[in-house]
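Student: quick one: sequence plus predicted model below, questions after.
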Number of protein chains: 2
Amino acid sequence: MTSDNSPSATRTTSFLTDKYELTMLQAALRDGTANRQCTFEVFSRKLPNERRYGVVAGTERVLRAVRDFRFTEEQLATMDFLDEQALDYLRNYKFSGQIDGYREGDLYFPYSPILTVRGTFAECVILETVILSIMNADSAVASAAARMVTAADGRPIIEMGSRRTHEYAAVTAARAAYLAGFQATSNMEASFRYGIPASGTSAHAWTLLHINEDGTPNEKAAFQAQVDSLGPSTTLLVDTYDITQGVQTAVEVAGPELGGVRIDSGDLGALTRRVRKQLDDLGAYNTKIVVSSDLDEFAIAGLRGDPVDVYGVGTSVVTGSGAPTAGMVYKLVEVDGHPVFKRSRGKAMTGGTKCAVRAYRETGVAVEEIVYPFDAEEPKVNGLTTRSLVYPFVRDGERTDQEFTLDESRDYLAAQIETLPWEGLALSRDEPAINTRFTGFPETAYEKPHR
Amino acid sequence: MTSDNSPSATRTTSFLTDKYELTMLQAALRDGTANRQCTFEVFSRKLPNERRYGVVAGTERVLRAVRDFRFTEEQLATMDFLDEQALDYLRNYKFSGQIDGYREGDLYFPYSPILTVRGTFAECVILETVILSIMNADSAVASAAARMVTAADGRPIIEMGSRRTHEYAAVTAARAAYLAGFQATSNMEASFRYGIPASGTSAHAWTLLHINEDGTPNEKAAFQAQVDSLGPSTTLLVDTYDITQGVQTAVEVAGPELGGVRIDSGDLGALTRRVRKQLDDLGAYNTKIVVSSDLDEFAIAGLRGDPVDVYGVGTSVVTGSGAPTAGMVYKLVEVDGHPVFKRSRGKAMTGGTKCAVRAYRETGVAVEEIVYPFDAEEPKVNGLTTRSLVYPFVRDGERTDQEFTLDESRDYLAAQIETLPWEGLALSRDEPAINTRFTGFPETAYEKPHR
């Protein structure tokens, strides 16, 4: 037990794990099943809140977490519930199998085989928790963020939700939001670690700090000091006391070249129209209006007709806008070449190692996703173009050259969003934008037919 | 930019920060306001989802994060947006002010002054994000978890939600759930770091791994191997194929001394009654029934009349059961002795540094929370006993002896829950269990009266 706030000093990811994975490992080593060749698959049975599509995020972080999944002597010493055989196995653990999957920034739908991990039971089973933690957290944020980007209709969004989520979840949430098309983050560590542009304005505390000797407010002093420090291109927060007065003072202080004003409360539609007129009347034609205040994709869309230049989004994006986890699972689907699956009611799945293509019309619009056995030939569909969705990321434990930078994945997602049928971009609840169809599996691989 | 998965190599918490805090710092150093004596306060305007009470969690982690809030040369080198004066300030930064607040495991209500940070503007403002990230994440989980513990009515709950949240949020979520009265966690790192008991059963993958050579299921082999490895006191997962058959096989393999069976799907009420009867008929009177499957406080309460011995809770607890963030804010409330507050509509607050007591009837039932000026005398209420809620945690930058272990805080919370009026334990939506009253503040400290 360490008293440290920060993650494990060892920087290994191996304890980001549920205990039962380790006890299963021990039992498997004892009964000889540990070396059975297995396939585990990450997929989602449904999209949260009846959304139309999900966004794959976290894959690159997963691949690094697998690389860093090693056990230290300090960790091994604490696991008094394991026998020597199990401890020895963990001491020498290094994933040596295969990982295939959708690239970050791709879309996914129910039962898309998002990540496929092959190897011995022992080496695959203990990766379950860390793989799911990362994929579920990152995909939840990216999936919500992508809807916000669509709703913003080309206007930039800044992620500023760090304070509303776990201090390290904040860092990866910023990454997922950027992947989904956000323009910048408020978070310093995300900027430092992932090279995401950092952005910010100022807080109400800044304005409140500036009082006269008798304690009365002095908003002008606050604005003046900010402009002196950051230049007139800065964004001034104008809603601490009275917005109309705040805008007036802001332009007085910074001149008509003031970069922006931020409004963080009130009826943003009515306010932005009034503030735009006021700014124009003051000659501040190029001064941007930045809005924040519990915005989600619906509020963003609701402001589409209003003179908003930049959205600042916090709580809703880092908490997945009503879906804080993506609901992905990591399931054993094949053992020594045999498809396996749980048969309990209500949790249908298809056994066997899988691959997938997406089929498109000539216009580039996606029509369906087709899932087929990993070793089978890629299915063709008359009149449609198909594209393989599954990349080989790891071979015999080593990373392949299929690596994508965050910016590449961001561009890739923007292109994929373009392929959605129109109704797939709607914010309302409905069926997934495209159907997922299974083909080529033997009857024994199914619990019950998919849609 | 590092490519590492794990948090910043430096272990400092200083980049878990929004950029605007640093630009405000720079502007304050330039205009001479950086040294104004300020008070920032962590509070919540309302309880999420109309709950009756909130649980304070994260305080101990916050205090460590403040201690570790130092800037490295590597970090300083990346901040090309700051001037030399600001960089020098950060290079020598060490919080030297005062921190007071509610202890972990206490209850909170709207406008409870949960944490009060006093010092210069400069040293306090840059702590905003990391303090809120921790308090909002940990309190969200603890507040949800406490309701689940009440709903479970004495039966143990195991936290098993790591896979549904960010890999490091999982660790602190386990801590917050344990604080709230959960009995154990599945998470290895939480057990390692915080000394929380780790627990686990097995996954469906374990059963699915055990197939015959022709690919047909062999549940018995799976159970036998688990019992061989972990002994008959283990808990067997019986719902992979057919629950009745699974229970039969489980007792055959382990004998009537089988520790437990876990059911992870289906109508848990009907199933547990059937399984209890089956177990009893098999002579397995002491075999416990463990249930999991998307349980939240309402589902737990719904099973109160059924023969459930242990609850396993995942998604709902780590995501705050519908409230993934606690909604706490960090607001400047006093500058050089003057109360300050934002006057925008809809975001009322009271200026000034605060203290609080809770008043109780002779029976020990809490009646109200009374907030008063920090330097004033503790208010007395006729016929009621009052208890101070605010502890001095940091003096002149150094931790006081007011430290509480996780187990102490856990016991403390259990005692506080006992003081709630009966209606305060209801799961339904309503007003906070007790009222928060402000007294002794000058008229100038208010935006508008509190309830």
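Tutor: Cool, got the structure.
Student: name the residues of the lengthiest helix in chain A that are buried.
Tutor: For chain A, the helix reaching the highest residue count under DSSP state H is reported as helix A:128-152. Buried residues in helix A:128-152, defined by neighbour count with 16 or more other Cβ atoms under 10 Å in any protein chain shown: A:128-152. For glycine as for every other residue, the C-beta is placed from the backbone atoms N, C-alpha and C.
Student: for the nearest residue to residue A:135 once chain neighbours are set aside, what are phi and psi?
Tutor: Distances taken as Cβ to Cβ, 6 or more residues apart in numbering or on different chains put residue A:58 closest to residue A:135, at 4.5 Å, once the chain neighbours are dropped. Backbone geometry at residue A:58, expressed as degrees, to the nearest 10, gives phi 110, psi -10.
Student: show me what contacts residue A:58?
Tutor: Contact analysis of residue A:58 by Cβ atoms under 8 Å, 6 or more residues apart in numbering or on different chains lists A:104, A:134-139, A:172, A:176.
Student: pLDDT wise, what is it at?
Tutor: On the pLDDT scale, residue A:58 is placed at 98.
Student: where do the helices of the stretch 1-150 of chain A begin and end?
Tutor: A:19-31, A:59-67, A:73-78, A:84-91, A:121-125, A:128-152 (DSSP state H, counting those that start in this stretch).
Student: returning to that earlier point: closest to chain B out of the contacts of residue A:58?
Tutor: Nearest to chain B out of those is residue A:137 (Cβ to the nearest Cβ; 4.0 Å).
Student: what number of residues lie near the closest residue to that closest one other than its chain neighbours?
Tutor: The shortest distance from residue A:137 to any non-neighbouring residue, by Cβ to Cβ, 6+ apart, is to residue B:166 (4.0 Å). Residue B:166 has 32 neighbours, counted by other Cβ atoms under 10 Å in any protein chain shown.
Student: does anything pack onto the next helix or strand after the longest helix of chain A? Which helices or strands?
Tutor: Proceeding N to C from helix A:128-152, the next assigned helix or strand is strand A:157-159, under DSSP states H and E. When contacts are defined as 3 or more Cβ pairs under 8 Å, 6 or more residues apart in numbering or on different chains; DSSP states H and E, strand A:157-159 sits against helix A:128-152, helix A:169-179, strand A:184-185, strand A:310-313.
Student: try 6 Å
Tutor: strand A:310-313 (3 or more Cβ pairs under 6 Å, 6 or more residues apart in numbering or on different chains; DSSP states H and E).
Student: note down every partner strand of the strand it packs on and its orientation.
Tutor: Note on strand A:310-313: by DSSP bridges, its sheet partners are strand A:157-159 (parallel), strand A:288-291 (parallel).
Student: which residues does it contact?
Tutor: With Cβ atoms under 6 Å, 6 or more residues apart in numbering or on different chains as the test, strand A:310-313 has contacts from A:152, A:156-158, A:160, A:288, A:290, A:292, A:295, A:300.
Student: highest neighbour count among those residues?
Tutor: For these, neighbours tallied by other Cβ under 10 Å; top is residue A:160, 29 neighbours.
Student: returning to what we had before: now the longest helix of chain A: average pLDDT?
Tutor: Mean pLDDT, computed over helix A:128-152, is 98.
Student: hang on, the earlier thing: contacts only, for the residue nearest to residue A:137.
Tutor: Residue B:166 touches A:137, A:166, A:169, counting by Cβ under 6 Å, 6+ apart.
Student: now it: phi and psi?
Tutor: phi -40, psi 140.
Student: on the three-state scheme, residue A:207 is what?
Tutor: With DSSP: H, G, I helix; E, B strand; the rest coil as the basis, residue A:207 sits in helix.
Student: against residue A:119, how distant is it?
Tutor: 57 Å (Cβ to Cβ, to the nearest Å).
Student: then residue A:145?
Tutor: Distance, residue A:145 to residue A:119, by Cβ to Cβ: 33 Å.
Student: residue A:87 now?
Tutor: From residue A:87 over to residue A:119 (counting by Cβ to Cβ), the distance is 20 Å.
Student: the two: who's more crowded?
Tutor: Between residue A:87 and residue A:119, counted using other Cβ under 10 Å, the more crowded position is residue A:119 (22 against 18).
Student: surely that one touches residue A:97?
Tutor: Yes: using Cβ atoms under 6 Å as the test, residue A:119 is close enough to residue A:97 to be in contact (2.4 Å).
Student: now the residue in the stretch 301-450 of chain A that chain B sits nearest to: phi and psi?
Tutor: In the stretch 301-450 of chain A, the residue that lies nearest chain B is residue A:338 (3.3 Å; Cβ to the nearest Cβ). With angles defined as degrees, to the nearest 10, residue A:338 sits at phi -100, psi 130.
Student: quick one, grab the pLDDT at it.
Tutor: At residue A:338, pLDDT is 95.
Student: residue boundaries of the helices in the stretch 251-400 of chain A?
Tutor: A:268-281, A:297-302, A:315-318.
Student: adding distance to residue A:431 and mean pLDDT, write those helices out as TSV.
Tutor: Below are the helices of the stretch 251-400 of chain A laid out as TSV (distance: least, Cβ to Cβ, whole Å; pLDDT from 0 to 100):
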stretch	distance to residue A:431	mean pLDDT
helix A:268-281	31	97
helix A:297-302	18	98
helix A:315-318	23	98
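Student: of those helices, which stretch is the most buried?
Tutor: helix A:315-318 (a mean of 26; mean count of other Cβ atoms under 10 Å in any protein chain shown).
Student: just the pLDDT for residue A:409.
Tutor: Reported pLDDT for residue A:409: 98.
Student: let me know the helix or strand that it is in.
Tutor: Using DSSP H and E, residue A:409 maps to helix A:406-418.
Student: not counting that helix itself, show me its contacts.
Tutor: Outside helix A:406-418, the residues that touch it by Cβ under 6 Å, 6+ apart are A:104-107, A:179, A:194.
Student: pull out the buried positions in stretch A:63-83.
Tutor: Of the residues in stretch A:63-83, those with enough neighbours to count as buried (16+ other Cβ under 10 Å) are A:63-72, A:75-76, A:79, A:82.
Student: chain B: which of those is nearest?
Tutor: Of all these, chain B sits closest to residue A:64, with 4.2 Å by Cβ to the nearest Cβ.
Student: for the closest one, give its distance to residue B:52.
Tutor: Taking Cβ to Cβ, one finds residue A:64 at 43 Å from residue B:52.
Student: low pLDDT regions in the stretch 301-450 of chain A?
Tutor: A:344-349, A:444, A:446-450 (pLDDT under 70).
Student: near chain B, which residues of it?
Tutor: Neighbours of chain B within the stretch 301-450 of chain A, by Cβ under 6 Å from any Cβ of the partner chain: A:315, A:319, A:324-325, A:332, A:335, A:338, A:340, A:342-344, A:347.
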